[in-house]
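Undergrad: test case, fold it:
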Amino acid sequence: MTITKAGLINAICNTSNLPTQESISVVESLLEIIKRTLASGEDVMISGFGKFCLKDKKERKGRNPETGGDMKLRARRIVIFRCSNIMRDRINGKG
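TA: Numbers count the residues shown, from 1 in each chain. The predicted structure follows:
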């Protein structure tokens, strides 16, 4: 099951006994800091969790799925996530 922002807020409320409005503020602030940091070109590393990294993709040829015709995909910057070894071990039942 996918956790949503609302689910994350509820989990913070339940585990930390913070009021809902404070939990909303915490989640919104955290996400805004991550977005601002990535937009400035820096990576975001959260110890024990993972690292959000920027990757530049070059312009390349692609295919239009509707028409089957060739098209150019523009150069762009994407965000990738690399989980930490601690997280990887936990996911794989070793931690």
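Undergrad: count the residues that sit near the residue lying closest to residue 8 once chain neighbours are set aside.
TA: Nearest residue to residue 8, sequence neighbours excluded (CB to CB, 6 or more residues apart in numbering): residue 27, at 5.7 Å. For the C-beta atoms, the positions are set from N, CA and C on the backbone; glycine is no exception. Close neighbours of residue 27, defined as other CB atoms under 10 Å, add up to 16.
Undergrad: quick one: neighbours of the nearest residue to residue 91 once chain neighbours are set aside, just the number.
TA: Counting by CB to CB, 6+ apart, residue 91 lies nearest to residue 83, which is 7.3 Å off, once chain neighbours are set aside. By other CB under 10 Å, 14 other residues sit near residue 83.
Undergrad: and the residue nearest to residue 8, how far from residue 51?
TA: 20 Å (CB to CB, to the nearest Å).
Undergrad: do residue 61 as well
TA: Spatial separation of residue 61 from residue 51 under the definition CB to CB is 31 Å.
Undergrad: same drill for those two, tell me which one is more crowded.
TA: residue 51 (14 against 8).
Undergrad: could you give the bridge partners of the more buried one?
TA: Beta bridges link residue 51 to residue 45, residue 82 when assigned by DSSP bridges.
Undergrad: ok so residue 72 is a helix residue?
TA: No. Applying DSSP: H, G, I helix; E, B strand; the rest coil, one finds residue 72 to be strand, outside a helix.
Undergrad: strands of this structure, start to end?
TA: With strands called from DSSP state E, the chain shows them at 44-46, 50-57, 60-63, 70-73, 76-83.
Undergrad: and those as CSV, adding mean pLDDT and distance to residue 12?
TA: Converted to CSV, the strands of the chain look like this (pLDDT from 0 to 100; distance: least, CB to CB, whole Å):
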stretch, mean pLDDT, distance to residue 12
strand 44-46, 97, 15
strand 50-57, 96, 19
strand 60-63, 92, 40
strand 70-73, 92, 38
strand 76-83, 96, 21
